[in-house]
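K.L.:
Please work out how this folds:
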Amino acid sequence: MRSASMPLAAGTGLEPGFRGVICASFGAIGDTAGQHTGVQPRHDLHFEYATQETLSDLRSVLGRSHVGVRLVLAGPPADIRAAAAAAADCGLQQEEITLLSDETAPRVIYCGHCRATTKTVRPAGEEVQCEGCATTLATTDHFSRRMGAYLGYSAHAEEAS
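P.N.:
Below is the predicted model of the structure:
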């Protein structure tokens, strides 16, 4: 995923040499309208959520794209991270993906015990109840790009019962 320190093409917000942009937004406020592509082609997509169906649609568009295309993802962190994981599965490199995250949206916590995911607005370090196995999970800042979620683990695993 692109960092702000990389050189950018004049007026585009993207590094030089790209051949087109796929802009995908998620949720009610996910917006990539400010992403200028200059004279390069741009393909806009909008999805309510990153579901298996919408990620399949994104994979299909990416499968028809050419070398040099860039992907801009905007919206809630859980959705854009899941979309970034799908893009990586399609062969896009981190440098070819730009994330525009709405940090006020819920985070997805992956339960290492039952492999379910739970959405929460609580910050890292707080506890949340797993929706899959009801384990009280301690949340972390450890993010898995492959899973598209933050790691949660049993908050009281080391306490004597």
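K.L.:
low-confidence ranges in this structure?
P.N.:
Within the chain, the segments meeting pLDDT under 70 span 1-18, 29-40, 160-161.
K.L.:
Just the helices from it, written as ranges.
P.N.:
52-63, 77-89 (DSSP state H).
K.L.:
Reformat those helices as JSON lines; add mean neighbour count.
P.N.:
(Glycine included, C-beta is placed from N, CA and C.) Output for these, formatted as JSON lines (neighbours: other C-beta atoms under 10 Å):
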{"stretch": "helix 52-63", "mean neighbour count": "15"}
{"stretch": "helix 77-89", "mean neighbour count": "23"}
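K.L.:
mind checking which of those is nearest Ala157?
P.N.:
Counting by C-beta to C-beta, Ala157 lies closest to helix 77-89 out of those; the figure is 24.9 Å.
K.L.:
just the strands in the protein please.
P.N.:
Using DSSP state E, the strands of the chain run over 20-26, 42-47, 69-75, 97-101, 107-111, 117-120, 127-129, 136-144, 149-154.
K.L.:
I'd like the ones you listed laid out as CSV, including distance to Ser60 and mean neighbour count.
P.N.:
Listed next are those as CSV, based on distance: least, C-beta to C-beta, whole Å; neighbours: other C-beta atoms under 10 Å:
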stretch, distance to Ser60, mean neighbour count
strand 20-26, 11, 23
strand 42-47, 10, 16
strand 69-75, 14, 25
strand 97-101, 17, 19
strand 107-111, 23, 23
strand 117-120, 24, 18
strand 127-129, 34, 15
strand 136-144, 24, 16
strand 149-154, 23, 20
